[in-house]
Every structure is written in C-alpha cells, then in structure tokens.
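*Asks:* Here is my input, please return the structure:
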Amino acid sequence: MDTRTYIFFGEIPNMRGHCVVADHETGQLYSGYHTENFVELTDDEA
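*Replies:* Below you'll find the predicted structure:
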C-alpha cells in the first residue's frame, strides 16, 4: 500500500474514472491514474 499523500486536481473529462494528482512532497504530477486507487483523507488525517 502506498502511504504517500497526493493532491487531487480532478477527473480527466475525456477519460472517465481517471484523474490528475500531484505528489504532496515532490510536486510531481501524475495523470491517467484510476480514481478508485485513492482514498480521501479526513481533516484529522490530513
């Protein structure tokens, strides 16, 4: 399980179920990842 934190930028309009995220520590952008592979943190976890 990946424990890194990513910032969610949104779903890709023409690729339903895929999103753009950035690694919180490095700022590197990733696109085309399945949204189901991520969990939303609560305020206490963030």
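*Asks:* count of neighbours near Thr26?
*Replies:* The local packing of Thr26 (other C-beta atoms under 10 Å) involves 8 other residues. Yep, even glycine has a C-beta here, placed from its N, CA and C like the rest.
*Asks:* Distance of it relative to Val20?
*Replies:* Remark: distance between Thr26 and Val20 (C-beta to C-beta, to the nearest Å) = 15 Å.
*Asks:* what about stretch 16-30, distance to the chain center?
*Replies:* Distance, stretch centre to chain centre, for stretch 16-30: 5 Å (C-alpha atoms, centre = their mean, to the nearest Å).
*Asks:* buried set for it?
*Replies:* 19-22 (16 or more other C-beta atoms under 10 Å).
*Asks:* So which of these belong to helices?
*Replies:* With helices defined by DSSP state H, no entry of the buried residues of stretch 16-30 lies inside them.
*Asks:* Sitting in strands, which of the residues you listed do you find?
*Replies:* 19-22 (DSSP state E).
*Asks:* May I see those arranged in a markdown table, with distance to Met1 and pLDDT as well?
*Replies:* Formatted as a markdown table, these follow (distance: C-beta to C-beta, whole Å; pLDDT from 0 to 100):
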| residue | distance to Met1 | pLDDT |
| --- | --- | --- |
| Cys19 | 18 | 98 |
| Val20 | 21 | 98 |
| Val21 | 16 | 97 |
| Ala22 | 19 | 98 |
